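Colleague: Return a 3D structure for these sequence lines:
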Amino acid sequence: MVSTPCEQMRWDGLPVLRKELAKNLVEKFGISQKEAAEKLGLTPAAICQYLSEKRGRLTIVDEKILHEVTISAVKIIEEGEPVVASELCRLCMIIRKHGILSFNVIK
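Modeller: Got it, this is the predicted structure:
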């Protein structure tokens, strides 16, 4: 059975996007893991797992996409959980435009 682009993103892309957002919030912007969890609508344990790469083991290598993740992180810092879904959708569409989870975008 062939999976749809959204199914593939759900299983492979979403964890990596959440990981990159968590890394941005905690490492780049100095937000605590607890506050990052609140802003992303996740548990602190989930943030810990993303940061230790127990979740989201793939890595985004495309600099343009990483830049877009940073833009999303800033918006999430400013507006909180209400914008998380729309930002994840926006990032997903950018990744899909490059080729769904292609080797030059995510490894």
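Colleague: so what's Lys23 closest to, chain neighbours aside?
Modeller: Among residues not flanking Lys23 along the chain, Leu51 sits closest, at 6.5 Å (C-beta to C-beta, 6 or more residues apart in numbering). Bear in mind the C-beta positions are built from the backbone N, C-alpha and C, glycine included.
Colleague: which ones are touching the one you found?
Modeller: Counting by C-beta atoms under 8 Å, 6 or more residues apart in numbering, Leu51 touches Lys19, Ala22, Lys23, Val26, Glu27, Gln33.
Colleague: Closest one of these to Glu87?
Modeller: For the contacts of Leu51, the residue nearest Glu87 by C-beta to C-beta is Ala22; the value is 13.1 Å.
Colleague: Next one: that closest one, what pLDDT does it get?
Modeller: For Ala22, the pLDDT comes out at 97.
Colleague: quick one, longest helix in this protein?
Modeller: Of all segments of type helix in the chain, defined using DSSP state H, the longest is helix 63-79.
Colleague: for this protein, what spans make up the helices?
Modeller: In the chain, the segments counted as helices under DSSP H are 5-8, 14-23, 33-40, 44-51, 63-79, 84-98.
Colleague: which parts of the fourth one are buried?
Modeller: For helix 44-51, the neighbour count (16 or more other C-beta atoms under 10 Å) marks Ala46, Ile47, Cys48, Gln49, Tyr50, Leu51 as buried.
Colleague: just the fifth one next, same as before
Modeller: Within helix 63-79, the residues that count as buried by 16+ other C-beta under 10 Å are Ile65, Glu68, Val69, Thr70, Ser72, Ala73, Ile76, Ile77.
Colleague: Could you dump these into JSON lines and include pLDDT and distance to Glu87?
Modeller: Formatted as JSON lines, the buried residues of helix 63-79 follow (pLDDT from 0 to 100; distance: C-beta to C-beta, whole Å):
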{"residue": "Ile65", "pLDDT": "91", "distance to Glu87": "13"}
{"residue": "Glu68", "pLDDT": "96", "distance to Glu87": "9"}
{"residue": "Val69", "pLDDT": "96", "distance to Glu87": "9"}
{"residue": "Thr70", "pLDDT": "97", "distance to Glu87": "11"}
{"residue": "Ser72", "pLDDT": "98", "distance to Glu87": "4"}
{"residue": "Ala73", "pLDDT": "98", "distance to Glu87": "9"}
{"residue": "Ile76", "pLDDT": "97", "distance to Glu87": "6"}
{"residue": "Ile77", "pLDDT": "96", "distance to Glu87": "11"}
